[in-house]
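K.L.:
what follows is a predicted structure for the sequence shown.
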Amino acid sequence: MALSTRPNGRFLVALSLTASLLLANAPLSFAGPGDTNSTNYGENVAGGTYFNTAGNRTTFTNNGNMIVGAGTTVRGLEVNNNGDLTGNGGHLHFDARGGVMRVDGTIDASAALGQNGAYLGNGGKVTIDAGALVQNGNIFANGLNGGTIVFNVGQLTVDPGSRIEALATGANALPGQININATGQVTIPNGAVIDASGNYVGGYNANVIQISGSVVNLDGVVMANGLSAGAKGGAIGIYGSEIALGSNAKVTANGAEGGQGGAINVAATEKITVSSGAEITANGGLGASGGAVLVGAALDASGNLGLLTRTVENNGLITANGGDGDSGVDAGNGGVVAVVAANSVSNTGRISANGGNGFNGYNPSNGGNGGIVLYGSDTAAVSNDGQVTANGGHGGTNPNVEEGPVSETVDEHGNVSYQQVSLGQNGGRGGNGGEVRVGFNASISNNGTIEVIGGNGGNGQEAQANQTDYQGQPVHQYALAGNGGDAGNGGKVFFHGEPGQDVLNSVNVNGGSGGQGGNASTSSACGCATPGAGGACGAPGEIHVIPKPPCAGGGNCSPPPKPPENPLFPLYPKEYGTLGDTLPPNAGNVLSYNRSIFLARSPLPIIQKKTPPAPPPPPPAKIMLVKPKPKPPQKKVPVRGYW
């Protein structure tokens, strides 16, 4: 049952909830008369619990600065028209557009918590409109379905220890959203966390996390990962004129076990720098395919990929790898990574869309196929001093020695005989190499590695039969070892330009090595031991050189038009079959999800483990009510300037 509030302060039992209600972070307290859908004035925001009905909000406003002080918790909860709690988080709106908003305490619009610690409803909403926001505390909008956090600010500065969360913890719950819209600089230092992870298994139609500003300096953690089995990674978009990811930056949209990797788009008009140690990952979970990462480009209004960023420098890690396999579950295929620029692009780090490795152990599984990597510039130099790979994953191996049980056979005359049969398991098959396309009609230098190697086959399991007698009777011994797994074939590398021979010599399109057959042995000279056969080696892949097209009419080609200062993005999901002029024909449809990229590759199916059924809901329990202490109404405080 739920709590009902009345003006005289009495508590009434009104509704039934599915679990005992225990409000999070603070006991119930009132802002004073008119605490539902109230408007509160002043610089210092009073702590306590504020209520609003669905579609309405609690507003805090001041013409100048506003502060949520250290140790202060501002809690928002939703009630119905009778004043009864719904279990959902409320809507807290802070309006300090004429000054600076500073959060040293906690703003919490999460759903109410049950006695077992689980959320009873959906996350609410936190909106901050301010000339500048100094976020030193915590802001939450968690729930079964994730809530929404929106910053409309001129400038954002985040403290190293702060957290901003819109988690979705329910089964197949709708994801939360965190939108940071700044006209000036955004600074997110090491130690700060922005998290909109969840349990969504469907397709995303909007960014779960979106960060935009004139200059974005990110050295903290931004994540929209899957939380439980089958959950996909979310969609993350980071936009600005210049974007710098520091050595501690982690931008992740990884799938959970059986969940495909999500989508990450990082686009700037001028420059993107990914420092050594920084990570941008949209990897698949156990047995699932990688997602899509697009760095240096965005979609125009027609849904086409346009080269937007002038310069991209990657010294870190950018991946959309498939997840490793599990017992009897094949590894995931690599996803899609595009690192492109209008002028120049360089790489000293690692860019990969590798297939996952098969499971090593009982029931070894196959490796995943490599994905697709697009790497290049439209007009100027392309250099690679790092690693660009779309390798196939290795097949799995059962490293344990198989020694089978003794069985009894009775023939038609009643004679009894005993035999021991040991059957080794075959090694998993290696995944095929994927595709890498480099250049985009620019000059190319490569002092690093470009690989689309097929994965190695797993080794066959060793088999032994050493039982000589059973109940005083001799045992016939048979040991049949497992065969080695076949290797994956090499993939394809395309150069859109005119590389020198030194560049071609540094490309590896080899097929993998076949797995070795397992050994077989018996302790009896009369036993039958059959070793496993070796797996087949993978065929080598292909290297294609696509010459730079001549200029129309001869002479020097005119430079391309200046990239747009403000990219246009589609408002609704849009399908299209090409990704610039370099999309491999087997890539399938590219789905545009409102400033994010998600690529579904139909020739490479996703292999997922079955999600276990959800446990039954707990039985209804008695409500635990905490009577609040009355709190004086918030008073208007004269503006004292900045702090």
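P.N.:
Noted; the coordinates are in hand.

K.L.:
what's the neighbour count on residue 288?
P.N.:
Other residues lying near residue 288 total 34 when counted by other C-beta atoms under 10 Å. To be clear about C-beta, it is placed using only N, CA and C from the backbone, and glycine gets the same treatment.

K.L.:
how close does it sit to residue 322?
P.N.:
7 Å (C-beta to C-beta, to the nearest Å).

K.L.:
now for the two: what residues contact both?
P.N.:
The contact sets of residue 288 and residue 322 overlap at residue 332 (C-beta atoms under 8 Å, 6 or more residues apart in numbering).

K.L.:
where do the helices sit along the stretch 251-400 of the chain?
P.N.:
For the stretch 251-400 of the chain, applying DSSP state H, counting those that start in this stretch gives no helices.

K.L.:
so where's it uncertain?
P.N.:
Low-confidence segments of the stretch 251-400 of the chain, defined by pLDDT under 70: 298-307.

K.L.:
check what pLDDT residue 619 gets.
P.N.:
What the model reports as pLDDT for residue 619 is 49.

K.L.:
got it, and residue 545?
P.N.:
87.

K.L.:
how close does it get to residue 134?
P.N.:
Relative to residue 134, residue 545 is positioned 54 Å away (C-beta to C-beta).

K.L.:
repeat for residue 244
P.N.:
Counting by C-beta to C-beta, the gap from residue 244 to residue 134 is 20 Å.

K.L.:
out of those two, which sits in the more crowded spot?
P.N.:
residue 134 (22 against 19).

K.L.:
CA atoms only: put the strand or helix carrying the more buried one into CSV for me.
P.N.:
Residue 134 belongs to strand 125-135 when elements are defined using DSSP states H and E. The C-alpha trace of strand 125-135 is given here as CSV (Å, rounded to 0.1, in the frame of the first residue of the first chain):
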residue,chain,number,x,y,z
LYS,A,125,13.3,13.8,-14.3
VAL,A,126,15.9,16.5,-13.4
THR,A,127,16.1,19.6,-15.5
ILE,A,128,18.7,22.3,-14.9
ASP,A,129,18.7,25.6,-16.8
ALA,A,130,21.6,27.9,-15.9
GLY,A,131,24.2,30.2,-17.3
ALA,A,132,26.8,27.8,-15.9
LEU,A,133,26.6,24.6,-13.9
VAL,A,134,29.2,23.5,-11.3
GLN,A,135,28.4,19.9,-10.6
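
K.L.:
just checking, what packs against that strand?
P.N.:
If you count contacts as 3 or more C-beta pairs under 8 Å, 6 or more residues apart in numbering; DSSP states H and E, strand 125-135 packs onto strand 91-103, strand 148-153, strand 156-158.

K.L.:
packing partners of the last one?
P.N.:
Counting contacts by 3+ C-beta pairs under 8 Å, 6+ apart, strand 156-158 is packed against strand 125-135, strand 185-188.

K.L.:
turn those strands into JSON lines, including distance to residue 220 and mean pLDDT.
P.N.:
Shown next, in JSON lines, are the helices and strands packed on strand 156-158 (distance: least, C-beta to C-beta, whole Å; pLDDT from 0 to 100):
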{"stretch": "strand 125-135", "distance to residue 220": "11", "mean pLDDT": "96"}
{"stretch": "strand 185-188", "distance to residue 220": "4", "mean pLDDT": "97"}
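
K.L.:
ok, back up a step: JSON lines for the helices and strands packed on strand 125-135, including mean pLDDT?
P.N.:
Compiled in JSON lines, the helices and strands packed on strand 125-135 are given as follows (pLDDT from 0 to 100):
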{"stretch": "strand 91-103", "mean pLDDT": "96"}
{"stretch": "strand 148-153", "mean pLDDT": "96"}
{"stretch": "strand 156-158", "mean pLDDT": "97"}
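
K.L.:
how about those in a markdown table, adding distance to residue 75 and mean neighbour count?
P.N.:
Below are the helices and strands packed on strand 125-135 laid out as a markdown table (distance: least, C-beta to C-beta, whole Å; neighbours: other C-beta atoms under 10 Å):
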| stretch | distance to residue 75 | mean neighbour count |
| --- | --- | --- |
| strand 91-103 | 9 | 22 |
| strand 148-153 | 15 | 22 |
| strand 156-158 | 22 | 22 |
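
K.L.:
want to throw these into a markdown table with distance to residue 333?
P.N.:
Shown next, in a markdown table, are these (distance: least, C-beta to C-beta, whole Å):
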| stretch | distance to residue 333 |
| --- | --- |
| strand 91-103 | 42 |
| strand 148-153 | 33 |
| strand 156-158 | 36 |
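
K.L.:
got the buried residues for the helix or strand harbouring residue 418?
P.N.:
Secondary structure assignment for residue 418, by DSSP H and E: strand 416-423. By 16 or more other C-beta atoms under 10 Å, the buried positions in strand 416-423 come out as 418, 419, 420, 421, 422.

K.L.:
and it, how far out from the chain's middle?
P.N.:
Centroid separation between strand 416-423 and its chain, computed with C-alpha atoms, centre = their mean, to the nearest Å, is 50 Å.

K.L.:
cool, thanks, signing off.
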